[in-house]
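Asker: Predicted model and sequence follow; I will ask about them next.
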Amino acid sequence: MACIVAADEDDAPSFPPVKTKAHNLENVEKPANGDNSPVQEPLTGEERTTVPLVLSFDNLTYNVSVRPKLGFRNLISRRKTDNPELVLTGRPSTKTLLDNISGRTRDGEIMAVLGASGSGKSTLIDALANRIAKGSLEGTVKLNGENLQSRMLKIISAYVMQDDLLFPMLTVEETLMFAAEFRLPRSLPKLKKKLRVQALIDQLGITNAATTIIGDEGHRGISGGERRRVSIGIDIIHDPILLFLDEPTSGLDSTSAFMVVNVLKKIAQSGSIVIMSIHQPSHRVLCLLDRLIFLSHGHTVYSGSPVSFPRFFADLGSPIPANENIAEFALDFIRELEGSAGGTRALVEFNKKWQEMTPPSSPHSNLTLKEAISASISRGKLVSGGESIGTTTTALVVPAFANPMWIEIKTLSQRSMLNSRRQPKLFGVKVVAVFITAFILSTVFWRLDNSRNGIGEHLGFFAYAMSTMYTTCAQALPELLQERYIFMRETAYNAYRRSSYVLSHAIVSFPGLMVLTLAFAVLTFWAVGLDGGPTGLLFYCLIILASFWSGSSFVTFLSGVIPNVMVGYTIVIAILAYFLLFSGFFINRNRIPDYWIWFHYISLVKYPYEAVLQNEFSDATKCFVRGVQTFDNTPLEELSYDMKLSMLETVSQSLGKSITSSTCLTTGADILTHQSVNQLSKWHCLFVTVAFGFFFRALFYFSLLLGSKNKRR
Ligand SMILES: Nc1ncnc2c1ncn2[C@@H]1O[C@H](COP(=O)(O)OP(=O)(O)OP(=O)(O)O)[C@@H](O)[C@H]1O
Ligand SMILES: [Mg+2]
């Protein structure tokens with residue numbers, strides 16, 4: 001406990017003023033003392049002169065309502081409950097996750113939230129990082145005495161969540177390099193971005209894994225601890241002013257955990273506030289922490305410096321034995337109390353009194369929030385491209401995003417293509433699926449003839465073929481959902497614009513759709529013997545491409561509103577089946593009940609289906625039923641040829657027009673009329689299909705805008 005004993009001696013109530021070392025990206029290339037870290041370097045005493053940033057939070061209280069289940073068991077055991085009415089009515093009760101939590105920390109410090117599992121650590125971090133919806137959280141969180149606007153918080157802070165959400169097929173280096181591309185300003189040369197990434201890799205201790213892929217269930221990649229460190233690296237690469245981390249050291253061995261906290265300490269010392277939750281810090285890690293908040297069931301059981309911790313327990317009458325890790329001791333002690341009859345209430349009360357007796361140092365800042373952020377930026381903080389004009393003026397320009405939109409689209413597209421290129425199987429499966437469908441359709445509908453039977457077979461082929469595009473697109477749902485969570489993590493703190501993501505998504509998917517289109521269109525057009533020659537083939541390709549486009553947009557949109565794969569699949573497949581049902585193939589538009597006709601018009605399959613019918617049957621000279629063929633597929637089919645001819649003659653006389661064995665009775669135009677394909681031309685159908693694609697992309701954007709707030713209620 002050397003660091004704690006030593007620190008205890010100068011545990012003065014007031015904080016020494018700190019001036020952060022001017023942190024300049026230009027330093028990246030200069031190896032200082034063998035460490036060319038572009039992140040931060042330790043401070044020297046003489047540089048500590050100002051106190052720019054103080055984060056204070058007061059009386060944070062967060063309640064959630066818990067609705068008891070109206071289950072059979074609850075009904076049986078209701079006599080045993082204190083409030084049987086609660087069980088019977090299912091009325092919600094309230095659970096307090098945070099109870100009047102207050103504290104204060106400033107730049108240069110790491111504040112650690114400790115406590116047993118379920119004590120409320122993540123909840124407190126969420127409350128401080130503005131991840132709990134307004135109205136649900138009571139109390140205040142202020143930076144330099146001012147309420148932090150959500151927009152500003154997004155720009156100056158970063159949040160490292162407990163789960164690691166990363167692209168599986170990118171290497172560690174590539175992952176961090178893409179983060180650097182998103183977060184660091186365009187003006188910074190690529191070489192410097194690379195050096196920054198390399199330095200971060202060294203500092204996080206993942207040099208050996210730098211060229212290994214992240215991996216997932218199907219691909220062996222880096223270890224869990226290494227993933228953790230990559231996740232942290234992504235969010236600290238731009239040197240945020242406020243950094244929140246939920247258990248950054250979980251799953252790490254003690255050396256790695258120390259390395260990670262050491263990096264965080266350097267970030268803090270360069271003028272940031274670091275707030276993190278941690279399970280069981282080792283002695284070395286504890287030495288790097290400046291403030292602790294110990295929680296138990298949402299109550300504060302200790303708040304203050306780690307150096308005062310032994311004195312707290314000594315005053316409580318339970319001195320920490322020598323050579324015992326104080327965090328472990330405290331956790332065991334609190335757990336025992338939690339299991340006892342009175343719980344931790346007495347400890348909470350003791351802490352309140354102890355705080356009054358030995359008030360913790362209360363840092364304050366003489367700068368307004370704008371001045372403080374401005375001062376931080378002028379020292380090289382927020383390398384995402386903030387500009388400030390002087391440290392004392394209120395003029396502050398902090399762009400919400402580090403890069404212009406086109407750079408974001410380019411970087412997002414590059415990353416997505418790299419990730420897809422590394423797993424060619426995913427696209428390969430789609431090509432094979434389309435190819436097999438095209439092959440089966442080709443053999444079943446091989447060289448269709450222009451006969452009465454041929455008409456029905458053409459219609460069946462077109463209906464099935466045009467729905468194939470949509471079902472193929474539905475297979476992308478799991479991929480889209482996996483990416484959705486990465487997107488949410490990245491956009492939560494302004495790595496890039498949502499609109500850039502939507503556009504890059506559309507751009508990246510398009511070449512793949514063209515390959516699928518060619519594979520399907522060329523094979524079936526030739527094998528089925530479709531009409532129209534080269535121009536017919538061209539239109540056939542265009543309408544198939546448009547169908548793939550609208551289908552992929554539709555499924556992409558659904559992935560934005562349905563977060564679950566199984567539910568998503570069920571809904572997509574059901575909707576596609578309804579689209580086919582109302583396309584006009586199974587039931588003619590004139591026969592669809594009025595109350596369902598709207599579904600016919602929103603059916604994505606209707607428009608490509610009608611377009612290909614027109615492409616095939618619009619030739620007025622093309623004949624499908626001639627003379628005696630009119631009796632085919634009727635009971636009169638059994639009659640002899642001569643009988644059929646004489647019947648035709650009788651009909652001719654009745655109608656007053658000559659019908660011979662070669663007279664055309666059903667042309668392509670007749671088929672279109674019979675199918676009620678007479679409202680839109682084939683080009684209009686193509687236009688509507690393409691427009692649907694754009695419409696669903698726009699809806700996807702709005703779904704991301706509304707659905708990715710990611711805040712607790
Ligand atoms: N919506 C909710 N409804 C009811 N209880 C909830 C809700 N959200 C969280 N809790 C409870 O709040 C408590 C605190 O959760 P929190 O995730 O903050 O714990 P933690 O200290 O971070 O735990 P861990 O160390 O395991 O991550 C837990 O007991 C959890 O079950
Ligand atoms: Mg947690």
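Answerer: Great, that's in hand. Ligands and ions are numbered 1, 2, ... in the order given.

Asker: What mean pLDDT does stretch 672-691 get?
Answerer: Across stretch 672-691, pLDDT averages out at 95.

Asker: Give me the buried stretch members for it, please.
Answerer: Of the residues in stretch 672-691, 672, 675, 677, 680, 682, 685-686, 688-690 count as buried by neighbour count, 16 or more other Cβ atoms under 10 Å. Every C-beta, even on glycine, is put in place using the N, C-alpha and C of the backbone.

Asker: Past the helix or strand harbouring Lys353, which element shows up next along the chain?
Answerer: Using DSSP states H and E, Lys353 maps to helix 345-357. Sequence order places helix 369-378 as the next helix or strand after helix 345-357, per DSSP H and E.

Asker: pull the CA atoms of that following helix into CSV?
Answerer: This file holds the C-alpha atoms of helix 369-378, laid out as CSV (Å, rounded to 0.1, in the frame of the first residue of the first chain):
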residue,chain,number,x,y,z
LEU,A,369,-17.9,26.0,-19.4
LYS,A,370,-17.2,27.5,-22.8
GLU,A,371,-14.0,29.0,-21.6
ALA,A,372,-12.9,25.7,-20.1
ILE,A,373,-13.7,23.8,-23.3
SER,A,374,-12.0,26.4,-25.3
ALA,A,375,-8.9,26.3,-23.1
SER,A,376,-8.8,22.5,-23.4
ILE,A,377,-9.1,22.6,-27.1
SER,A,378,-6.4,25.2,-27.4
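
Asker: before we move on, the earlier item: pipe the buried residues of stretch 672-691 into CSV and attach secondary structure and distance to ligand 1 per row.
Answerer: Written out in CSV, the entries for the buried residues of stretch 672-691 read as follows (DSSP: H, G, I helix; E, B strand; the rest coil; distance: Cβ to the nearest ligand atom, whole Å):
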residue, secondary structure, distance to ligand 1
Leu672, helix, 58
Gln675, coil, 54
Val677, coil, 53
Leu680, coil, 50
Lys682, helix, 53
Cys685, helix, 48
Leu686, helix, 49
Val688, helix, 44
Thr689, helix, 43
Val690, helix, 43
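
Asker: Going by distance to Phe520, which of those wins?
Answerer: Using Cβ to Cβ, Thr689 comes nearest to Phe520 of the buried residues of stretch 672-691, at 15.4 Å.

Asker: any idea how far the closest one is from Phe554?
Answerer: Counting by Cβ to Cβ, to the nearest Å, the gap from Thr689 to Phe554 is 11 Å.

Asker: Can you pull the residues that touch both of these two?
Answerer: Counting by Cβ atoms under 8 Å, 6 or more residues apart in numbering, the common neighbours of Thr689 and Phe554 are Leu604.

Asker: contacting residues around stretch 235-242?
Answerer: For stretch 235-242, the external contacting residues (Cβ under 8 Å, 6+ apart) are 23, 39-40, 53, 55, 107, 143, 153, 156-160, 176, 179-180, 183-184, 196-197, 200, 243, 245, 263-264, 267, 270-273, 275, 373, 376, 380-384, 402, 493.

Asker: What of stretch 463-472?
Answerer: The contact list for stretch 463-472 (Cβ under 8 Å, 6+ apart) reads 430, 433-434, 437, 441, 516, 520, 524, 544, 547-548, 551, 554, 573, 576, 579-580, 583, 585-586, 604-605, 608-609, 612.

Asker: Mind listing what's buried along that stretch?
Answerer: 463-472.

Asker: can I get the residues you listed in a markdown table with secondary structure, pLDDT and distance to ligand 1?
Answerer: Putting the buried residues of stretch 463-472 into a markdown table (DSSP: H, G, I helix; E, B strand; the rest coil; pLDDT from 0 to 100; distance: Cβ to the nearest ligand atom, whole Å) gives the following:
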| residue | secondary structure | pLDDT | distance to ligand 1 |
| --- | --- | --- | --- |
| Ala463 | helix | 95 | 47 |
| Tyr464 | helix | 95 | 47 |
| Ala465 | helix | 95 | 48 |
| Met466 | helix | 94 | 45 |
| Ser467 | helix | 93 | 41 |
| Thr468 | helix | 92 | 43 |
| Met469 | helix | 92 | 41 |
| Tyr470 | helix | 94 | 37 |
| Thr471 | helix | 93 | 37 |
| Thr472 | helix | 92 | 39 |
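
Asker: Check the residues you listed and tell me the two furthest apart.
Answerer: Ala463 and Thr472 (15.6 Å).

Asker: what number of residues lie near the residue in the stretch 301-450 of the chain that ligand 1 sits nearest to?
Answerer: As assessed by Cβ to the nearest ligand atom, ligand 1 sits closest to Leu331 within the stretch 301-450 of the chain, at 11.1 Å. For Leu331, the neighbour count with other Cβ atoms under 10 Å is 19.

Asker: just checking, it touches Leu114?
Answerer: Yes. Leu331 is within contact range of Leu114, at 7.4 Å (criterion: Cβ atoms under 8 Å).

Asker: Run a quick neighbour tally on the residue in the stretch 501-650 of the chain positioned nearest to ligand 1.
Answerer: Residue of the stretch 501-650 of the chain nearest ligand 1, by Cβ to the nearest ligand atom: Pro563 (16.3 Å). Pro563 sits with 13 neighbouring residues when counted by other Cβ under 10 Å.
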